[in-house]
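Novice: Sharing a sequence plus its predicted fold:
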Amino acid sequence: MYVYDEHDRQIAAERVAQFRDQTERALAGELAEEEFLPLRLQNGLYVQRLAPMLRIAVPYGMLRSDQLRRLARVSRDYDKGYAHFTTRQNVQLNWPALEDVPDILAELAEVEMHANQTSGNCIRNTTTDQFSGVQTDEIADPRPYCEIIRQWSTFHPEFAFLPRKFKVAVNASEQTDRAAIQVHDIGLQMVRNDAGELGFRVHVGGGLGRTPMVGPVIREFLPELDLLTYLEAVLRVYNRYGRRDNKFKARIKILVKALTPEGFAEKVEAEWAHIKDSPTRLTRDAIERIQSYFTEPDYAAIDNATDLLAKQRFENRGFDQWLSHNVDTHKKPGYAIVTLTIKETGTPPGDVTDRQLEQIAELADEFSFGEVRVTHQQNVVLADVRQDRLLELWQAIKPMGFGTANLNTLTDVICCPGGDYCALANAKSIPVAEAIQRRFDDLDYLYDLGNIDLNISGCMNACGHHHVGNIGVLGVDKKGEEFYQISLGGSSHHDAAIGKILGPSFARDDMPEVVAKIIDVYVDKRTEEETFLDTYRRVGIEPFKERVYA
Amino acid sequence: MPDVIFQDGSIQPDRWTVVPRPAEGESLDIPEQGQALIPADLWLAGYEHFAGNDAIGVWFDSHDEPEILAGKVNDLPVIAVNFPKFSDGRGYSIARLLRERFGYENELRAIGDVLLDQLQFMKRCGFNAYVLRPDKDIEKAARCLNFFSQGYQAATDTDVPLFRRRAS
Ligand code: HEM
Ligand code: SF4
């Protein structure tokens, strides 16, 4: 994992001092509210329904155990003792006091954490696949490139006041996309060209929110050394020509659509031609230097524990289920990737207490070289667990609430904080998630249904990624009352698609039943091997409409 | 007379008058005395007349394209870029283009809604003079120009990004 050197430490310390100064000037009335707003947003500080909200960056999802412990302490000392994992691999605190934020940032800086650019109209935290570096099918480890982008985008002087927020995601697996890159402003897919050289396929102009779009490819192959200069060209074109007259039309996706992807790509190429060979061009040394932080941990030379696991799972059905669903294969023999689903029914998806944060830190130290990753599905990954210790791990996490073996099933819901915390919400979303989880409490049935992404947002801003849920739920407001609109067929993977709206919205109490009917249609229509999405794609939306509105 | 802050933090009276774009049918109203900044396209339109006049500079608005002055920038003693709103970041790109692409060497000043917390970004993009919005405390400008002792990126102030400095 990346470790700060003296330069990073100095910049982080200067940032804290700067924000302290800005906060003091804001509190003294020297900065108007509208002048302080972008400054505090660029430090992760929102003002919310009940209190400020602080969004802390977790670059590309990686956390060390000391950082988890510090997050626990901060949430205990400055907040109500819990935090929230978000769909952008960040951590949110919901109740800090404005005056305390500089101190919180100082505490975070001590463990190489920050809240830089987690909000505001600038380049946000770069996200990636939580299984980076440990899976078998990736082109190369994307995390060094994410760190390179993090450094380049941090306080970039030209791009701190963009027309709108800007998000970059990187994916390196050919088989899967766990980073939802096609619904980001820039999505980078790592590829190799015919000559075997490493590079990126560049998608630009995806995004959710009011006008959801899947980002088209604007360059099939970008050599890795050109990464930053090309990003700089894209951002410069966007900064100069993105719309600023209307906040809803200010995202890069609107510009790409207006110019057409080809037209946009031409403008970027023209800009890039001027800066391609500028000093911002990466060097082999620079990449290798960053890569040296992401080397393999000290794996033991062991064989797959096939016999042992077969015996253990035979003797213990709960363990067997967990192994089948929450544990993935690892590139190293004898190791496994474990996902702790933070989805216990009754707990808002992604919510963790200070104690749980400390427990995760202990698990990381004990089982996974002191590191974890947070996922955009609001779960936590222990990426390097010895297979012969899986049973012990499973027994440890059950009482902590992380043992629910429902990864990627219908109850592994992605859910925004909605009306319970968020000032922008049209409707609550947490109780909807909970009601659906209660309705589908039979694990065997869930397993039979297979992978289904159910995503819930409390408003059009789409923090819960509802557009790309196989089943998406959107809170809508009708004359002051909360209703829920359903969309079907969304996907955030390589086959990315925006879901189609089923029809008129439903009252909250009806939601579990409506989802149950949708599932019934799938169960009726599916063929042996089909997932929910496959069936939907084959039969279309009509059969679902008929059943639900019958 | 308002003051200008220079790169080194020094503060001096502003001797330049910004001449607004004339309305349809009107002509430019350049003051008889002193130094004037006129819209860049109008300067170009009257190039024969203006070039070499050290009392005339130009200003760009945030949506203007600095490309129109390619090859001619160093005929100007001062170029100003207007920030109609501090949150309109187009001026930063304009500044970098003027400096890095067109090789502009003289005074580049930020005008308009220029606030303290943006000064360092402006500096890194190539501005070297700043006319702060009048209600802001000019005494704090020097500190705000230098909150950070270094940056990660190459920009106009340094063509050595941190990754290259680390290598050396
Ligand atoms: C109370 C807290 C929150 C507030 C006020 C908030 C606010 C917003 C706003 C204003 C947008 C606007 C999007 C746009 O540009 O169209 C947005 C988008 C988004 N938010 Fe949140 N959010 C909050 C919590 C969260 C949480 C908890 C998550 C993760 C679970 C999250 C993840 C996202 C994502 C992924 C988007 C992206 C949509 C896109 O690509 O356009 N947010 N949020
Ligand atoms: S989707 Fe809407 S309600 Fe939910 S967190 Fe985002 S802004 Fe708030």
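Specialist: Noted; the coordinates are in hand. Ligands and ions are numbered 1, 2, ... in the order given.
Novice: Helix or strand: which one has A:D384?
Specialist: strand A:380-386 (DSSP states H and E).
Novice: Pull the residues that contact the helix or strand following that strand.
Specialist: Downstream of strand A:380-386, the first helix or strand assigned by DSSP H and E is helix A:390-397. With Cβ atoms under 8 Å, 6 or more residues apart in numbering or on different chains as the test, helix A:390-397 has contacts from A:309, A:312, A:316, A:318-319, A:322-323, A:327, A:336, A:338, A:340, A:363, A:366-367, A:382, A:385, A:403. (Each C-beta comes from the backbone N, C-alpha and C, glycine too.)
Novice: out of these, which are inside helices?
Specialist: When DSSP state H defines the helices, the subset of these inside them is A:309, A:312, A:318-319, A:322-323, A:363, A:366-367.
Novice: and the residues you listed as JSON lines, adding distance to ligand 2 and pLDDT?
Specialist: Shown next, in JSON lines, are these (distance: Cβ to the nearest ligand atom, whole Å; pLDDT from 0 to 100):
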{"residue": "A:L309", "distance to ligand 2": "40", "pLDDT": "98"}
{"residue": "A:Q312", "distance to ligand 2": "41", "pLDDT": "98"}
{"residue": "A:G318", "distance to ligand 2": "33", "pLDDT": "95"}
{"residue": "A:F319", "distance to ligand 2": "35", "pLDDT": "97"}
{"residue": "A:W322", "distance to ligand 2": "30", "pLDDT": "97"}
{"residue": "A:L323", "distance to ligand 2": "34", "pLDDT": "97"}
{"residue": "A:L363", "distance to ligand 2": "28", "pLDDT": "98"}
{"residue": "A:E366", "distance to ligand 2": "34", "pLDDT": "98"}
{"residue": "A:F367", "distance to ligand 2": "32", "pLDDT": "98"}
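Novice: Most neighbours of all these, which one?
Specialist: Using other Cβ atoms under 10 Å in any protein chain shown as the neighbour test, these are led by A:W322, with 27 neighbours.
Novice: Now do the same contact list for that one.
Specialist: Contacts of A:W322 by Cβ under 8 Å, 6+ apart are A:394, A:403, A:405.
Novice: Likewise for A:E30?
Specialist: B:D137.
Novice: Model confidence for it, exactly?
Specialist: At A:E30 the predicted local confidence, pLDDT, stands at 92.
Novice: Just give the number of residues close to the closest residue to A:D103 other than its chain neighbours.
Specialist: Nearest residue to A:D103 in three dimensions, chain neighbours excluded: A:Y78, at 7.5 Å (Cβ to Cβ, 6 or more residues apart in numbering or on different chains). Residues lying near A:Y78 (other Cβ under 10 Å) number 17.
Novice: from what I can see A:Y78 touches A:L98, true?
Specialist: No: the pair A:Y78 and A:L98 fails to qualify as a contact (Cβ atoms under 8 Å) at a distance of 11.1 Å.
Novice: if we can go back for a sec, can you tell me which of the contacts of helix A:390-397 are up against ligand 1?
Specialist: Among the contacts of helix A:390-397, no residue lies close to ligand 1 (Cβ under 6 Å from any ligand atom).
Novice: Look up how far ligand 2 lies from A:F19.
Specialist: To ligand 2, A:F19 is 24 Å away according to Cβ to the nearest ligand atom, to the nearest Å.
Novice: so that residue touches A:I104, yeah?
Specialist: No: A:F19 is beyond contact range of A:I104, at 10.2 Å (criterion: Cβ under 8 Å).
Novice: Run the contact check for the lowest-mean-pLDDT helix or strand in chain B versus chain A.
Specialist: Counting by mean pLDDT, DSSP states H and E, chain B has its least confident helix or strand at helix B:162-167, which shows a mean of 88. Yes: counting by Cβ under 8 Å from any Cβ of the partner chain, chain A is contacted by helix B:162-167 at B:162-167.
Novice: ranking these by neighbours, who comes first?
Specialist: B:F163 (23 neighbours).
Novice: Next, the contact list for the closest residue to that residue other than its chain neighbours, please.
Specialist: Leaving aside its chain neighbours, B:F163 sits nearest to A:A286 (3.8 Å; criterion: Cβ to Cβ, 6+ apart). Contacts for A:A286 (Cβ under 8 Å, 6+ apart) come out as A:148, B:163-164, B:166-167.
Novice: got the CA coordinates for the one helix or strand A:A286 maps to in CSV?
Specialist: Using DSSP H and E, A:A286 falls within helix A:284-291. Output of helix A:284-291 as CSV, limited to C-alpha atoms (Å, rounded to 0.1, in the frame of the first residue of the first chain):
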residue,chain,number,x,y,z
ARG,A,284,9.1,4.4,-16.5
ASP,A,285,11.0,5.3,-13.2
ALA,A,286,8.0,7.2,-11.8
ILE,A,287,5.7,4.3,-12.5
GLU,A,288,8.1,1.7,-11.0
ARG,A,289,8.6,3.8,-8.0
ILE,A,290,4.8,3.9,-7.3
GLN,A,291,4.5,0.2,-8.2
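Novice: The residue sitting nearest the centre point of chain B: what's it in contact with?
Specialist: With distances taken as Cα atoms, centre = their mean, the residue of chain B nearest its centroid is B:R109 (2.6 Å). Counting by Cβ under 8 Å, 6+ apart, B:R109 touches B:4, B:16, B:78-81, B:127-131.
Novice: So what's the residue count around residue 153?
Specialist: All of this refers to chain A. By other Cβ under 10 Å, 24 other residues sit near A:S153.
Novice: Chain B, not that one
Specialist: 23.
Novice: Go ahead and produce CSV holding the CA coordinates of the longest helix along chain A.
Specialist: In chain A, assigned by DSSP H, the helix with the most residues is helix A:6-27. Provided in CSV are the C-alpha atoms of helix A:6-27 (Å, rounded to 0.1, in the frame of the first residue of the first chain):
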residue,chain,number,x,y,z
GLU,A,6,8.3,13.7,3.2
HIS,A,7,6.7,15.5,0.2
ASP,A,8,3.3,14.0,0.8
ARG,A,9,3.5,14.6,4.5
GLN,A,10,4.4,18.2,4.0
ILE,A,11,1.6,18.8,1.5
ALA,A,12,-0.9,17.1,3.9
ALA,A,13,0.2,19.3,6.8
GLU,A,14,0.0,22.5,4.7
ARG,A,15,-3.5,21.5,3.7
VAL,A,16,-4.6,21.1,7.2
ALA,A,17,-3.1,24.5,8.1
GLN,A,18,-4.8,26.1,5.1
PHE,A,19,-8.2,24.7,6.0
ARG,A,20,-7.8,25.8,9.6
ASP,A,21,-7.1,29.3,8.3
GLN,A,22,-10.1,29.1,6.0
THR,A,23,-12.4,27.9,8.7
GLU,A,24,-11.3,30.7,11.0
ARG,A,25,-11.9,33.3,8.3
ALA,A,26,-15.3,31.8,7.6
LEU,A,27,-16.3,31.7,11.3
